[in-house]
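1. Fold the stuff below for me.
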Amino acid sequence: MKVLFIGDIVGKSGRNALREHLPFLRNKYNYDLLIVNGENSAHGKGITQKIYNSYIDMGVDVVTLGNHAFSKDNIYTFIAGADKLIRPANMAPEAIGRSVRIVELEGLKVGVYNIYGRVFMDNSTAMPIDAMKRLLEQYPSDIRIVDIHAEATGEKIAFMQYFRNDVQMIVGTHTHIQTADEGIYGSCAYITDVGMTGAFDSVLGRDTSEVLESMLNGTQTRYTVSTEPGILCGLFAEIDCNSKKAINVERIQIRP
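-> Below is the predicted model of the structure:
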């Protein structure tokens, strides 16, 4: 089973980079499951129904979210019916939306789970390990893939070490900076942060001049997304369906 995960898509530059490179990625990796983190898709914060639908039209199987999941009011009108959209389980408000998507592939139940970090994160409602254990009990599956949306690298690594023999793929998201620690631990393909798909010459996808103005002069600014050409960051993993173990992992970075 081949899985492709594309990291935090930031604004229009990120969406354009995904659209531009997806045919190449589809041809090269011939993936069975495509997952994207879309929590920064709409002007850098949140996601709209129009953008969600555009991902589905591109062939995305699951869209994960994070701390900006509810930044756009529009999400409350469509999240209940968006069966391919999941939000972190242990993030307030918990009652809105779903945190797991299970699909059938090669005769197996493949579960994609969305988890939230606690260190340096707002609105966390439970420890990530406890939240994941609850999801595995409530939504069992044969192959398990996790997006842990978290700030602290140590927290993500500890999460992986706890579940390394229970899940097949763990992808860290949120920091927008790709780490170079991809590997297979136990049965699990892992990377601490997959990085962003957004403007390469920017500050985490945000307009550089705006960020510098705020830092140097203390100016109150709005969240302006950079319009520079986008980098695409992702992680590809192959999972053996018989042993239920990851057997290959590859970090992806396509710069403009």
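
2. going forward, measure contacts between C-alpha atoms and count neighbours the same way
-> Will do.

3. I'd like the mean pLDDT over the helix or strand residue 136 falls within, please.
-> Secondary structure assignment for residue 136, by DSSP states H and E: helix 128-138. Computed over helix 128-138, the mean pLDDT rounds to 98.

4. Kindly report the same for stretch 33-53.
-> 97.

5. Need the residues that contact the one helix or strand in the chain whose mean pLDDT sits lowest.
-> Each helix and strand of the chain was given a mean pLDDT (mean pLDDT, DSSP states H and E); the minimum falls on helix 208-217 at a mean of 93. Defining contact as C-alpha atoms under 8 Å, 6 or more residues apart in numbering, one finds that helix 208-217 is touched by 201-203, 219-221, 224, 226.

6. Buried subset of these, written for PyMOL?
-> Under the burial definition 16 or more other C-alpha atoms under 10 Å, those of the contacts of helix 208-217 that qualify are selected in PyMOL by:
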select buried, resi 201+202+203+224+226
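
7. Just put the contacts of helix 208-217 in a markdown table and tack on secondary structure and pLDDT.
-> Compiled in a markdown table, the contacts of helix 208-217 are given as follows (DSSP: H, G, I helix; E, B strand; the rest coil; pLDDT from 0 to 100):
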| residue | secondary structure | pLDDT |
| --- | --- | --- |
| 201 | coil | 97 |
| 202 | coil | 97 |
| 203 | strand | 97 |
| 219 | coil | 86 |
| 220 | coil | 84 |
| 221 | coil | 83 |
| 224 | coil | 94 |
| 226 | coil | 97 |
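
8. any idea which of the contacts of helix 208-217 is closest to residue 164?
-> Taking C-alpha to C-alpha as the measure, residue 203 is the one of these closest to residue 164, at 32.4 Å.

9. Now stretch 180-196: buried residues?
-> Of the residues in stretch 180-196, those scored as buried under the neighbour-count criterion (16+ other C-alpha under 10 Å) are 182-196.

10. meant to ask about stretch 197-215, not that
-> Residues of stretch 197-215 classed as buried: 197-207, 210-211 (neighbour count, 16+ other C-alpha under 10 Å).

11. now do the same end-to-end measure for it.
-> 24 Å (C-alpha to C-alpha, to the nearest Å).

12. With distance to residue 115 as new columns, can the buried residues of stretch 197-215 be given to me in JSON lines?
-> JSON lines is the format used below for the buried residues of stretch 197-215 (distance: C-alpha to C-alpha, whole Å):
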{"residue": "197", "distance to residue 115": "20"}
{"residue": "198", "distance to residue 115": "22"}
{"residue": "199", "distance to residue 115": "26"}
{"residue": "200", "distance to residue 115": "27"}
{"residue": "201", "distance to residue 115": "29"}
{"residue": "202", "distance to residue 115": "27"}
{"residue": "203", "distance to residue 115": "25"}
{"residue": "204", "distance to residue 115": "21"}
{"residue": "205", "distance to residue 115": "23"}
{"residue": "206", "distance to residue 115": "25"}
{"residue": "207", "distance to residue 115": "28"}
{"residue": "210", "distance to residue 115": "31"}
{"residue": "211", "distance to residue 115": "29"}
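
13. Right, I'll call it a day here.
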